[in-house]
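Novice: coordinates only, sequence not included:
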């Protein structure tokens with residue numbers, strides 16, 4: 001078996017990054033009773049400038065799909081950023097919630113064949129935080145929809161790539 005440690009950098013001492021790249025993301029799992037907070041993003045520049053810069057590389061067809069999918073509040077980590085700080089950005093900037101507590105994150109790893117780079121895998125490393133708050137999220141203009149949905153309602157939604165992760169989290 002050809003196994004590589006996840007240690008990337010200059011090629012004289014490190015491995016090259018995965019052939020189809022990797023994303024390191026934080027997700028906020030905000031629950032009320034048996035429902036979880038999810039939203040459908042609205043096409044706004046803030047998504048690509050602050051939270052999901054990878055969408056800048058998507059075709060119009062891919063973007064139309066993204067902007068109709070239901071997702072947990074989330075963001076890529078910034079280079080060198082601690083996942084706890086990325087969660088704070090998500091809660092404050094996407095939801096308008098300052099007061100919350102979070103459990104240690106559940107860390108999950110996924111890889112999938114790349115459409116952009118055939119024969120290569122894309123790797124996703126996920127930090128999913130279960131969050132408690134008494135605050136209510138604000139319906140900022142970067143969300144088309146933002147609501148607490150139960151398991152049955154979520155099963156009817158297009159969750160895109162997030163579906164596997166949401167299943168692993170026990171949400172659907």
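Specialist: Received, thanks. Computed from a prediction, not measured in an experiment: that's the story for all the values here. Numbers count the residues shown, from 1 in each chain.
Novice: any weak-confidence spans in this structure?
Specialist: Where the chain drops to pLDDT under 70, the residues are 1-5.
Novice: 80 - rerun?
Specialist: Residues of the chain meeting the criterion pLDDT under 80: 1-7.
Novice: residue boundaries of the helices in the protein?
Specialist: Assigned by DSSP state H, the chain shows helices spanning 45-46, 60-66, 83-89, 95, 151-155, 162-168.
Novice: closest to residue 117 out of the ones you listed?
Specialist: helix 60-66 (14.7 Å; Cβ to Cβ). For every residue, glycine as well, the C-beta is placed using N, CA and C.
Novice: so residue 108 makes contact with residue 126?
Specialist: Yes. If you go by Cβ atoms under 8 Å, residue 108 and residue 126 touch, sitting 4.4 Å apart.
Novice: Common neighbours of those two, please.
Specialist: residue 165 (Cβ atoms under 8 Å, 6 or more residues apart in numbering).
Novice: neighbour count winner among the two?
Specialist: residue 126 (22 against 15; other Cβ atoms under 10 Å).
Novice: Could you count how many residues lie near the residue nearest to residue 171 when sequence neighbours are not counted?
Specialist: Excluding the flanking residues, the one nearest residue 171 by Cβ to Cβ, 6 or more residues apart in numbering is residue 36, at 5.3 Å. Neighbour count for residue 36, taken as other Cβ under 10 Å: 24.
Novice: picking up where we left off before, please identify the most buried of the helices of the chain.
Specialist: Counting by mean count of other Cβ atoms under 10 Å, helix 95 has the highest mean neighbour count of the helices of the chain, with a mean of 24.
Novice: Contacts for it next, please.
Specialist: 28, 30, 37, 73, 137, 138, 140, 146.
Novice: At the geometric centre of this structure, which residue do we find?
Specialist: residue 74 (4.2 Å; Cα atoms, centre = their mean).
Novice: Quick check: the residue nearest to residue 171 vs residue 94, distance?
Specialist: Residue 36 sits 15 Å away from residue 94, going by Cβ to Cβ, to the nearest Å.
Novice: do the same with residue 45
Specialist: Counting by Cβ to Cβ, the gap from residue 45 to residue 94 is 14 Å.
Novice: and what of residue 51?
Specialist: For residue 51 relative to residue 94 (Cβ to Cβ), the value is 7 Å.
Novice: Quick check: neighbours shared by these two?
Specialist: residue 75.
Novice: end to end, how far does stretch 150-163 reach?
Specialist: Using Cα to Cα, to the nearest Å, one end of stretch 150-163 lies 14 Å from the other.
Novice: which residues are in contact with that stretch?
Specialist: Contacts of stretch 150-163 (Cβ under 8 Å, 6+ apart): 34-36, 38, 65-66, 68-72, 124, 149, 166, 171-172.
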